[in-house]
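Undergrad: how would this look folded up:
(chains A and B)
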Protein chains: 2
Amino acid sequence: MERTLVKDTLTKIGEKVKLAGWVNTKRDHGKITFIDLRDRTGIIQVVGMGSDYSSLGIEYVIEIEGEVKKRPENLINPSISTGKVEIKAERVNLLSSAHELPIDMGKEDLDVSLPTLLDYRPLTLRNSKINAIFKVQEVVIDAFRRALKEREFFEFQAPVFIPEVVEGGAEVFKVPYFNHEVYLSQSPQLYKQILVGAYERVFSVNKTLRAEPSVTTRHLTEVTTLDAEFGFIDSYFDVKEMAEYTIKFMLKEVEKKCGEILEKFGATTPKFTDDIPMIKLREAQEIIFRRTGRDNRKEPDLEPEDEKEICRWSLEEKGSDLIFISHYPTKKRPFYTFQDPEDPEYTMSFDLLGRGTEWMTGGRRINDYDTLLKMAKERNVDPKKLELYLQAFRFGMPPEGGFSFGSERITMHILGLGNIREASLFPRDMERVDIRLSTLQKPQEKKK
Amino acid sequence: MERTLVKDTLTKIGEKVKLAGWVNTKRDHGKITFIDLRDRTGIIQVVGMGSDYSSLGIEYVIEIEGEVKKRPENLINPSISTGKVEIKAERVNLLSSAHELPIDMGKEDLDVSLPTLLDYRPLTLRNSKINAIFKVQEVVIDAFRRALKEREFFEFQAPVFIPEVVEGGAEVFKVPYFNHEVYLSQSPQLYKQILVGAYERVFSVNKTLRAEPSVTTRHLTEVTTLDAEFGFIDSYFDVKEMAEYTIKFMLKEVEKKCGEILEKFGATTPKFTDDIPMIKLREAQEIIFRRTGRDNRKEPDLEPEDEKEICRWSLEEKGSDLIFISHYPTKKRPFYTFQDPEDPEYTMSFDLLGRGTEWMTGGRRINDYDTLLKMAKERNVDPKKLELYLQAFRFGMPPEGGFSFGSERITMHILGLGNIREASLFPRDMERVDIRLSTLQKPQEKKK
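TA: Residues are numbered from 1 along each chain as shown, chains lettered A, B, ... in the order given. Now for the predicted structure:
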């Protein structure tokens, strides 16, 4: 007999079916055993008679043959989508047993600390609510790709190994590489710009690695970044327009495909307007000063408190949870950022803020070779380390720009999660790479 | 005026348009200059009068305004898709100039060595034929995703950092990680199996890193791997069926979307039959012995010569360029490979061969916790290093299996490229990470 998925039982009332899945919960009532059977599409109640059923344990993997029965009105379970039916089991086939569980998996909201949640990741990912976080992430990433493919962007695979560190370097991972040393890429920035010269419009979904030296709720050492870059723009407004189109596309897809999940988390996607507002940093600081008396009008960036305040303003005055802030100071942005010709101390770059935190960053880049070289030198970036990158500009590059999201951050912001680790399947930070690193031998101990 | 793409000029004869792109080639005829203008959609001839046009250089980025004119019959250029039209330029706007080119970019087949091709990657990627390789790769990767999404697989992002090396370890990159050491993942195998316990059907497109200590035409240190894994299978035939469905889906998409590119490379996709043949390794060796007298009937694997011979046999006798070989010896496959219960010296694993080389590998895995633990110990794999992985099995795992492709290899095989470096945008090997590593200081030199 072919396997029937749990979600398809509703259309098979009165039919014999074979289901397969995990024992999610079990209740023994003497001879009768009630099992909630879980597969990738949902949960259904199975009623079995005898020891074959009562001896099953939680998370056992089983096949069940039986009949789909309508439940009487008064026994309908409104909390599961198959609540109107149940399976009268006739045969059970054990596919895999399970050891006793270290944590109680019976509740929708697991009652465990974050470290425990991660120590038992293979198990806790089976919880429907935790499982669903990554379905939202899948939709976010997929929507990013589809939005840009519709605008004729080319998808490329960005490198992990890079030969040189261009700026700073404190937070970059260094890798012994045969007789040399290379580094792990913190961003596909230089590569996506190079590829504008070959494909005009490019994007990538790729891992970026950063040696974050502190444990915060917002930082991981490994994230999946969504990057886009494109040429033949007239101004940074074209970049803002494309970024806006992309985030709207992503949010609409999440609303369309993850309605039930959002409800489960008590989450809503941010409100946005037809034309998401964009103001300059100095304007934002002026508004904040007016509203709060907090005078940060000479600061090069927004403080977390400022981000929250300007988002409140945006929602109250513009009806938008999302707001672009442009014109960050030149000295605070990377060397390739395009300066405003009318005021070169500020750049034609922007961040997208949503509900008080950063969602995205982007802007126009310098496309003129001589200007780029000059800016690199002013910022003490060694042009020798930029050889491949500079080629792309030396041999003709159109005016261009782009933007970048972190898929974990977007997922975290949409679902209102408190810690970015919850939005990563296998989060890595300075204390954990699957296991707690403190349980590993240190390199120097090994040598002894 | 809105920009018109080159490919759209054919429907705008007699109209004024604005085009933008690169000067691909230029021919001066006194006052008249003929320019082949290139954008992401193709090449078109532009005819301009005067010094604004004659002073343009190769790879300059320009905007052109002018009229789309039908060419006289005798001047039609059949070698480009816009060969029936040309642009009579009225205005040119220089967006970016270019330095003199280090190589002749005027020909479809670039006359450069592989090292030069890579030394000038930002430039050589602008060549239409080289550019097209990665459009094929994009279609391969995209088709992989779409095939599996149609079968309800969940896409996940596989980790790059891993805490331990499970088997061997000679070819794994080690990374100093704060006060510890971690490794770079060579395969998402263990993670995709873990996730079968949570999502049943999963796939990923992810970077895998391997310290290949030799420079061959088939190995890179960084590749983009396509991985799938799924549960509730009845036997390894279910895995073969899914792998077959996926590769067919991919090949059909390449045929449909990359017809012109295949023609350019003189390539065809492999012939395959409704049911791609699958034979056991020992049967294959028997056939090879019968056909060639070469007696490798006791070898644990196929030699390159054997792979070629069995593919010839498959094409001649079965009409298929593709053939699955199953039942590799247990001792030659990883510890988690499922043994044939009828003959435990052989596994229910397989490779897919195509035109004489390996295209894919896959098979059924052990899903029983005790068996897995026993096999790990027999192979001297330390269960402590497998803690997270083993959890997934300790808490109930259905019968499962999966398969894995390398996107660069598939691209190389489809287009008949001679070297895998040609199928990687930015190939990394022991001698090169963008730049030739020999031009970098060695770590010990730095310390002096």
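Undergrad: measure the closest residue to residue A:208 other than its chain neighbours to chain B for me?
TA: Among residues not flanking residue A:208 along the chain, residue A:225 sits closest, at 4.6 Å (C-beta to C-beta, 6 or more residues apart in numbering or on different chains). Backbone N, C-alpha and C define where each C-beta goes, glycine included. Relative to chain B, residue A:225 is positioned 10 Å away (C-beta to the nearest C-beta, to the nearest Å).
Undergrad: Model confidence score at residue A:225, please.
TA: Looking at residue A:225, its pLDDT stands at 97.
Undergrad: do residue A:443 as well
TA: We have a pLDDT of 59 for residue A:443.
Undergrad: got it, and residue A:371?
TA: You'll see residue A:371 listed with a pLDDT of 97.
Undergrad: My impression was that it belongs to a helix - is that right?
TA: Yes. Counting by DSSP: H, G, I helix; E, B strand; the rest coil, one finds residue A:371 located in a helix.
Undergrad: Parallel or antiparallel, which strands does the helix or strand hosting residue A:48 pair with?
TA: Following DSSP states H and E, one finds residue A:48 within strand A:42-49. Here strand A:42-49 is paired, per DSSP bridges, with strand A:32-39 (antiparallel), strand A:85-96 (parallel).
Undergrad: Centre of the chain to that strand, how far?
TA: 34 Å (C-alpha atoms, centre = their mean, to the nearest Å).
Undergrad: Chain B contacts on the stretch 151-300 of chain A?
TA: Contact residues (C-beta under 8 Å from any C-beta of the partner chain) of the stretch 151-300 of chain A with chain B: A:152, A:154-157, A:159-163, A:173-182, A:184, A:191, A:194-195, A:197-201, A:206-207, A:209, A:211, A:213, A:221-222, A:224, A:232.
Undergrad: so where do the strands sit in the stretch 51-200 of chain A?
TA: Taking DSSP state E, counting those that start in this stretch, the strands of the stretch 51-200 of chain A run over residues A:61-70, A:85-96, A:154-155, A:161-162, A:174-177, A:180-184.
Undergrad: which of those is buried the deepest?
TA: When you average the neighbours per residue for each of the strands of the stretch 51-200 of chain A (mean count of other C-beta atoms under 10 Å in any protein chain shown), strand A:161-162 leads with a mean of 22.
Undergrad: Distance from the chain centre to that one, please.
TA: In terms of C-alpha atoms, centre = their mean, the centre of strand A:161-162 is set 23 Å apart from its chain centre.
Undergrad: any idea of the mean pLDDT in that strand?
TA: Strand A:161-162 comes out with an average pLDDT of 97.
Undergrad: And stretch A:66-80, by the same measure?
TA: 93.
Undergrad: beta partners for residue A:44?
TA: residue A:37.
Undergrad: same deal with the one 5 residues further on?
TA: Per DSSP bridges, the residues bridged to residue A:49 are residue A:32.
Undergrad: contacting residues around residue A:32?
TA: Contacts for residue A:32 (C-beta atoms under 8 Å, 6 or more residues apart in numbering or on different chains) come out as A:47, A:48, A:49.
Undergrad: hang on, the earlier thing: show residues contacting the strand holding residue A:48.
TA: Here strand A:42-49 makes contact (C-beta under 8 Å, 6+ apart) with A:6-7, A:9, A:19, A:24, A:31-37, A:54, A:64, A:66, A:77, A:80-82, A:85-89, A:92, A:128.
Undergrad: quick one, what contacts the closest residue to residue A:117 other than its chain neighbours?
TA: Excluding the flanking residues, the one nearest residue A:117 by C-beta to C-beta, 6+ apart is residue A:124, at 5.1 Å. Counting by C-beta under 8 Å, 6+ apart, residue A:124 touches A:103, A:105, A:110, A:112, A:117, A:118, A:130.
Undergrad: So what sits opposite the closest residue in space to residue A:9 that isn't next to it in sequence in the bridge?
TA: Computed as C-beta to C-beta, 6+ apart, the closest residue to residue A:9 that is not its neighbour in sequence is residue A:68, at 5.0 Å. On the basis of DSSP bridges, residue A:68 is bridged to residue A:87.
Undergrad: how close does residue A:68 sit to residue A:20?
TA: Separation of residue A:68 from residue A:20 (C-beta to C-beta, to the nearest Å): 15 Å.
Undergrad: Which elements pack onto the host helix or strand of residue A:249?
TA: Assigned by DSSP H and E, residue A:249 falls within helix A:236-257. Applying 3 or more C-beta pairs under 8 Å, 6 or more residues apart in numbering or on different chains; DSSP states H and E, one finds that helix A:236-257 contacts helix A:128-150, strand A:222-231, strand A:322-326, strand A:349-354, strand A:357-365, strand A:400-406, helix A:407-415.
Undergrad: and the direction of that helix versus that of helix A:407-415, what angle?
TA: Between helix A:236-257 and helix A:407-415, the angle comes out at 60 degrees (axes from the mean of the first three to the mean of the last three C-alpha atoms, to 10 degrees).
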